[in-house]
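**Student:** based on what follows, work out the 3D shape:
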Amino acid sequence: MSARNSHGLLPSAAVAALLAIVFATRPAHAEDPKSDDDPVFRAIESELERAKSLSMPDVDKPYFLKAHVTDTSSFHVSASFGAVTARGGGRDASLSTDVRVGSADFDNTNFSGDFSFSFGGGGGAAPLERDFDALRQALWLGLDSNYKAATESIAKKRAYLSANSVPDRLPDLAPATTTDLVLPRQELAVDKTRWQETVRRVSAVFRAHPIVYSCDASLSASISHQYFVSTDPTKHRFAYPSATFSISAATQASDGMDLSVSYEAKGRTEADLPAEPTLIAKAEELATLLDALAKAPTAEDYAGPVLFTGDAAASFFLETVGSPLSNPRQDLGSDRGGRLIDRLGRRIAARGLTARDDPTKTEWNGRPLLGYFPVDDEGVLPEPITLIENGVLKSYYMNRAPTKLIAKSNGHARGSQASVGNLFIEVRDGVGRDVLEKRMIDMCREDDLEYGLVVEDLSEGSGYWYGGRGGDIQLSSPTVAYRLYRDGHRVLIRGASFKSAANRILKDIVAFGDEPVLLNTRQFGQSVSVIAPSVLVEELEVRRPTQENSKPPSSGRPELGDRGPATK
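**Tutor:** Modelled structure (predicted):
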């Protein structure tokens with residue numbers, strides 16, 4: 001393990017921390033963590049060295065190259081209504097390569113005029129076996145394709161600059177301290193027989209609920225090894241284990257609206273997942289919720305206070321803090337106006353809000369944080385960062401693409417951009433759920449509203465940030481929401497969706513809860529974790545459903561025999 005930088009070596013404290021990670025995660029049977037004999041590293045290093053000499057007449061030459069190779073071992077089993085529907089797994093491997101031509105000051109990246117290259121380098125399948133020659137062949141083709149695309153892209157970029165005045169043009173690649181980190185390979189360990197019976201019994205719960213038209217219970221477990229080499233030079237290899245148990249059920253309401261409910265438990269290994277009785281109870285809860293949704297009234301157009309609780313609160317902050325503060329470099333030729341990152345040093349949120357991100361943390365209250373990573377995708381050690389402090393924007397996620405206000409990477413390169421690891425939302429003066437609901441009801445009285453809206457769950461991954469209309473935020477649609485009336489009674493609703501909200505939404509927060517929850521989820525294709533309390537927003541607009549629906553089945557669901565959870 002080594003660190004390279006013109007300013008000196010990696011601090012001894014960081015070295016000690018990394019050694020602790022290595023020996024804490026290394027299984028007794030692991031191979032020697034040295035990379036000298038690993039054919040994957042040898043193949044990548046060999047082909048990167050050869051690709052340095054790529055050239056064509058009168059075009060730029062490579063100055064920086066990198067490659068990722070990921071191999072994954074996996075197991076998956078799923079069942080529906082008590083019968084196994086799929087069982088499989090095995091191994092797969094992929095690679096991604098990238099070539100930069102020109103120089104760190106001006107290269108072929110960070111340019112919106114060439115979509116073929118803006119989303120990263122070449123990629124595709126890699127050999128399942130760690131075969132030196134076969135991997136070299138795949139890397140050779142990828143790097144050659146990268147080089148040709150890069151020379152075309154830099155030519156388009158120069159043409160754009162010749163026709164447009166661009167003040168304060170930034171360099172394309174900033175220097176950074178890069179670290180070699182080679183951790184031991186690990187083996188996938190999962191009790192396949194046990195989980196097959198568990199998914200069968202959990203899915204059998206829905207046999208007793210005629211409202212359920214389709215259902216699924218599934219277990220997915222995998223372990224991926226990420227290899228990375230760049231010409232800085234730096235390299236890393238580490239294992240990423242993952243285990244997920246998912247339950248879902250779907251139906252149609254009498255008006256034809258498609259309805260679905262789901263539950264997902266995520267961990268690193270099967271030991272992190274709930275016990276079977278808990279999963280069976282969750283399936284029963286979902287069936288009851290689905291029945292209630294089918295009978296619930298549809299949402300109305302609404303503008304007023306919204307209380308986000310539980311997983312919905314964590315998703316809210318992922319979409320209003322994590323997403324807008326990710327990928328901060330504005331590509332040449334693009335106009336993403338109204339970005340939060342431009343307000344560095346100014347208040348962008350309620351004064352009681354502080355947001356930090358620490359991808360070095362591995363757990364919270366005994367539960368795994370899946371946003372942990374030992375080194376980022378550019379070979380830089382991740383740094384804990386304070387994004388917002390008492391409402392003031394202090395920083396944002398950075399990779400090695402410098403911005404006008406921050407030039408240095410903070411070790412948050414994930415995939416092709418800088419983004420979330422473990423996002424912690426800290427608040428002042430948090431209050432209990434009953435106080436939040438009373439506050440919302442008082443706001444409804446002040447505004448002559450019959451009810452306020454409580455959102456308990458949002459659809460995963462549908463929210464996004466975009467640059468139009470001053471940088472609006474589109475929140476994900478509620479999957480579990482109800483009206484809380486001024487007299488205290490609640491009515492579940494279905495079909496609601498949010499209208500886009502201005503990015504001042506964080507300033508419109510009027511109160512926080514005092515019980516944070518952990519949500520392990522995914523964003524931009526990466527595993528992330530969010531720890532956040534409930535949050536009351538002064539006003540959001542909700543629209544009623546407008547789409548036409550297909551008719552429900554003409555006859556009822558077939559009657560299914562009793563095959564309860566105890567059946568094997």
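**Student:** C-alpha from now on. contacts and neighbour counts both.
**Tutor:** Noted.
**Student:** Ser145: which element?
**Tutor:** Ser145 is part of helix 132-163 when elements are defined by DSSP states H and E.
**Student:** and the following helix or strand past that helix, what does it pack onto?
**Tutor:** Reading on from helix 132-163 to the C-terminus, the next helix or strand found by DSSP H and E is strand 178-179. Taking 3 or more C-alpha pairs under 8 Å, 6 or more residues apart in numbering; DSSP states H and E as the contact definition, the neighbouring helices and strands of strand 178-179 are strand 3-4, strand 234-252.
**Student:** ok, now with 6 Å
**Tutor:** Here strand 178-179 is seen to pack against strand 3-4 when contacts are counted using 3 or more C-alpha pairs under 6 Å, 6 or more residues apart in numbering; DSSP states H and E.
**Student:** quick one on the thing from earlier: how about the helix holding Ser145: buried residues?
**Tutor:** Taking 16 or more other C-alpha atoms under 10 Å as the neighbour-count basis, helix 132-163 is seen to contain the buried residues 132, 135-136, 138-140, 142-151, 153-154, 156-157, 160.
**Student:** again with stretch 212-231
**Tutor:** Judged by neighbour count using 16+ other C-alpha under 10 Å, the buried positions of stretch 212-231 are 212-213, 215-230.
**Student:** what do you get for stretch 417-427?
**Tutor:** Here stretch 417-427 shows 417-427 as buried, counting by 16+ other C-alpha under 10 Å.
**Student:** what mean pLDDT does the helix holding Ser145 get?
**Tutor:** Throughout helix 132-163, pLDDT has a mean value of 96.
**Student:** where does this structure have low pLDDT?
**Tutor:** Per-residue confidence of the chain (counting by pLDDT under 70) places the weak regions at 1-36, 114-122, 336-338, 461-471, 563-568.
**Student:** can you give me the helices in this protein?
**Tutor:** Counting by DSSP state H, one finds helices in the chain at the ranges 12-25, 39-51, 115-118, 132-163, 192-204, 276-295, 310-317, 433-446, 468-471.
**Student:** winner for burial among those?
**Tutor:** Mean neighbour counts were taken over these using mean count of other C-alpha atoms under 10 Å, and the top value, a mean of 25, falls to helix 310-317.
**Student:** now do that one: distance to the chain's middle.
**Tutor:** In terms of C-alpha atoms, centre = their mean, to the nearest Å, the centre of helix 310-317 is found 14 Å from the chain centre.
**Student:** what is it packed up against?
**Tutor:** On a contact count with 3+ C-alpha pairs under 6 Å, 6+ apart, helix 310-317 meets strand 451-458.
**Student:** what bridges to the nearest residue to Glu187 once chain neighbours are set aside?
**Tutor:** Spatially, and ignoring its direct neighbours in sequence, Glu187 is nearest to Ile223 (7.2 Å; C-alpha to C-alpha, 6 or more residues apart in numbering). When assigned by DSSP bridges, Ile223 has beta-bridge partners Ser73, Pro241.
**Student:** wait, Ala79 sits on Gln196?
**Tutor:** No: if you go by C-alpha atoms under 6 Å, Ala79 and Gln196 don't touch, sitting 8.1 Å apart.
**Student:** just to revisit the earlier point, Pro324: which of the buried residues of stretch 417-427 is nearest?
**Tutor:** Comparing those against Pro324 with C-alpha to C-alpha picks out Ser419 as the nearest, at 9.5 Å.
**Student:** contacting residues for the closest residue to Pro478 other than its chain neighbours?
**Tutor:** The shortest distance from Pro478 to any residue other than its chain neighbours is 4.4 Å, reached at Leu458 (C-alpha to C-alpha, 6+ apart). By C-alpha atoms under 6 Å, 6 or more residues apart in numbering, the contact list for Leu458 reads 312, 476-479.
**Student:** and Leu458, how far is that from Glu319?
**Tutor:** Note on Leu458: its distance to Glu319, by C-alpha to C-alpha, to the nearest Å, is 11 Å.
**Student:** same thing with His209?
**Tutor:** Applying C-alpha to C-alpha, the value for His209 to Glu319 is 35 Å.
**Student:** can you check Glu559 too?
**Tutor:** Counting by C-alpha to C-alpha, the separation of Glu559 from Glu319 is 42 Å.
**Student:** neighbour-wise, which of these two wins?
**Tutor:** Taking neighbours as other C-alpha atoms under 10 Å, Glu559 and Glu319 compare with Glu319 leading, 22 against 10.
**Student:** for that one, which residues are in contact?
**Tutor:** With C-alpha under 6 Å, 6+ apart as the criterion, no residue contacts Glu319.
**Student:** ok, what's across the strand from Leu423?
**Tutor:** Here Leu423 sits in beta bridges with Asp357, Val530, as judged by DSSP bridges.
**Student:** ok, now Phe111?
**Tutor:** The partner residues for Phe111, given DSSP bridges, come to Leu332.
**Student:** residues near it, how many?
**Tutor:** Around Phe111 sit 21 other residues, with neighbours defined as other C-alpha under 10 Å.
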